[in-house]
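K.L.:
Just to be clear, the model below is a prediction. Sequence and coordinates:
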Amino acid sequence: MSLTSLVFLAFSIVTLFIYFIFPKKNKWFVLVVSSVIFLFWNNLTISTLAQALLVLLSSYIFGRLIDKYHDTKKAKLFLISGILVILGQILYLKYTNLFLATVNHIFNLFKIDFKFALVHRNSLIGISYYSLIMISYLVDIYRGACKSQKNIFKCALFMSYFPILTSGPFIRYSTIEKELYEGHKFNYNRMCSGLVRILWGIFKVLVISQRLGMFVDTVYGDLATYTGFYTIIAVLFFALQLYTNFSGSIDIIMGISEIIGITLPENFTAPFFSKTITEFWRNWHITLGAWLRDYIFYPLLKSNVMQSLTKKCKKIFSKKASKKISLYLSMLIMWSIIGAWHGGAYTFIIGSGLLQFLIMFLEDILEPVSNKINNKLGIKKNVFSYKLYQVIRTYLLFSFTMIFFRASSVSNAIDIIKNMFVWNPWILLDNKSIYTAGLDIHDFRILIISLIVLFIVDYMSRKSNVREKLFKQNIVFRWGILYALIFAIIIFGCYGVGYDPTAFIYRQF
């Protein structure tokens, strides 16, 4: 059930209607039932149901035990046990084939005539999201940040709240508990604000992302025909496709939750205006970054192993360098986990993990050198031209890393990079050649105008709430903007031939 489909729209309307007519104390149960229906609609089988129940029962039981024995050594044992059960299932379902394929490759290098057969297992939609959410639930109980939930059905709602299952954002039990269960009355202003956000999300997905995807899919699907200029454009387009697809789905999710009365954490803050990759990741998939920072990076950095490493390094290096070594090693581990979280393939580990770490590492160690060069050349850093250069540089670097994210294999990614240098200068002189790669001239015009609108809204959102500003305008202007958005979706949305209603990119994670 796609977030932009009429089926999901009807499902959400029915859910909201029933939610608001139910008694306040029972409203949360409507969301439980809706979440279960949503799961069944998204290929819930006996196998995938067992996966969800394993996470739910493990979280509920171990959460209660951690709470009960909070001040004893048993609490830590129950915490580790719960994490191992949840994490073990993810590793088994998502990374078995990666392990087997790696072993087969090693066997092949050593001329060993044996191969493990790869296995095919279906996992429930959103398993990576709800598994990490429930791990943080157990850790927060252990840390004393919250109490365990006594009602297993309420625990199930926290784990499977239907809007976030397709693509997040990550939620924390300690911050969302009250809003999730208390029940909310219908609010007209909240509904209007939520609908605007939903429309904006649909616009991003159907008008921009789907159109970008047509070009990207055409080029990536025929690398022999589309080389050089085409490949470069496709690489740059995919970064924007990923952003509009992912952030658009988040907008729809946030809008539905806002109408209900549940405040979810923001997941994007205009990332393509970032000046470095480090800043970029502070503004992209914010809740995943916060989760990994709080539950992996900081605990790892403060661990006895890292503290011991720092002390040993001080005997060889300076105090500052010793701390940097522990910092970089913790970052490497965290970014490797981020890459692996995105999927059981080396393309994800490289593209959304190791390359991101490498760029951040280089940004940090080369900053003093960069500052010296800029000072010697008299380059002003606090001016528009330099900031624009930084923004463009960051966009190009991120687009390059996403080659691996989009590629079907590491070798395919290398082929795409090579293809970027198979150059035919005559293509630039042939104005009509670009219109053979999935988009015609009218599509390009719509795309360019839509991207300009997107970046204007993103730029404005960095300084203020765009929807609040819109609702403060005169009624003619306000409704003019809303009608323009609605008609743009109806007229220019790509939901005809070739539209894949399940093609939310982050849905697979």
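P.N.:
Yep, that arrived. These numbers were taken from a predicted model, which means no experiment stands behind them.

K.L.:
wait, Tyr459 sits on Ala270?
P.N.:
Yes. Contact criterion CB atoms under 8 Å: Tyr459 and Ala270 qualify, at 6.6 Å. For every residue, glycine as well, the C-beta is placed using N, CA and C.

K.L.:
which of those two has more neighbours?
P.N.:
Neighbours around Tyr459 and Ala270, counted as other CB atoms under 10 Å, are more numerous at Ala270. The numbers are 18 against 13.

K.L.:
what's the more buried one sitting at in phi/psi?
P.N.:
phi 40, psi 60 (degrees, to the nearest 10).

K.L.:
Give me the phi and psi angles of the residue located most distally from the centre of the chain.
P.N.:
Largest separation from the mean C-alpha position in the chain: Lys315, at 41.0 Å (CA atoms, centre = their mean). Note on Lys315: its backbone torsions stand at phi -70, psi -20 [degrees, to the nearest 10].

K.L.:
again, but for Trp284
P.N.:
Dihedral pair for Trp284: phi -120, psi 130, per degrees, to the nearest 10.

K.L.:
Can you check what pLDDT the model gives it?
P.N.:
Trp284 carries a pLDDT value of 95.

K.L.:
Rounded mean pLDDT for stretch 247-265, please.
P.N.:
For stretch 247-265, mean pLDDT is 95.

K.L.:
for stretch 416-428, same thing?
P.N.:
Averaging pLDDT along stretch 416-428 gives 78.

K.L.:
that older thread, gap between the residue farthest from the centre of the chain and Ser326?
P.N.:
Distance of Lys315 to Ser326, computed by CB to CB, to the nearest Å: 14 Å.

K.L.:
Next: Pro169.
P.N.:
Relative to Ser326, and taking CB to CB, Pro169 is found at 30 Å.

K.L.:
Now do the contacts for the residue farthest from the centre of the chain.
P.N.:
The contact partners of Lys315, by CB atoms under 8 Å, 6 or more residues apart in numbering, come to none.

K.L.:
Spatially nearest residue to Ala340 (excluding sequence neighbours)?
P.N.:
Leaving aside its chain neighbours, Ala340 sits nearest to Ile349 (5.5 Å; criterion: CB to CB, 6 or more residues apart in numbering).

K.L.:
Distance from the chain centre to the helix or strand hosting that neighbour, please.
P.N.:
Per DSSP states H and E, Ile349 falls inside helix 346-349. Its chain's average C-alpha position is 15 Å from that of helix 346-349, according to CA atoms, centre = their mean, to the nearest Å.

K.L.:
after that helix, next one along is what?
P.N.:
helix 355-377.

K.L.:
what residues does that next one touch?
P.N.:
Residues outside helix 355-377 that contact it (CB under 8 Å, 6+ apart): 276-278, 281, 328, 331-332, 335-336, 338-339, 379, 381, 397, 400-401, 404.

K.L.:
Narrow those to those in helices?
P.N.:
277-278, 281, 328, 331-332, 335-336, 338-339, 397, 400-401, 404 (DSSP state H).

K.L.:
can I get the residues you listed in CSV with neighbour count?
P.N.:
Shown next, in CSV, are the ones in helices among the contacts of helix 355-377 (neighbours: other CB atoms under 10 Å):
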residue, neighbour count
Ile277, 22
Thr278, 15
Trp281, 21
Tyr328, 15
Met331, 18
Leu332, 15
Trp335, 23
Ser336, 15
Ile338, 22
Gly339, 24
Leu397, 19
Phe400, 17
Thr401, 19
Phe404, 26
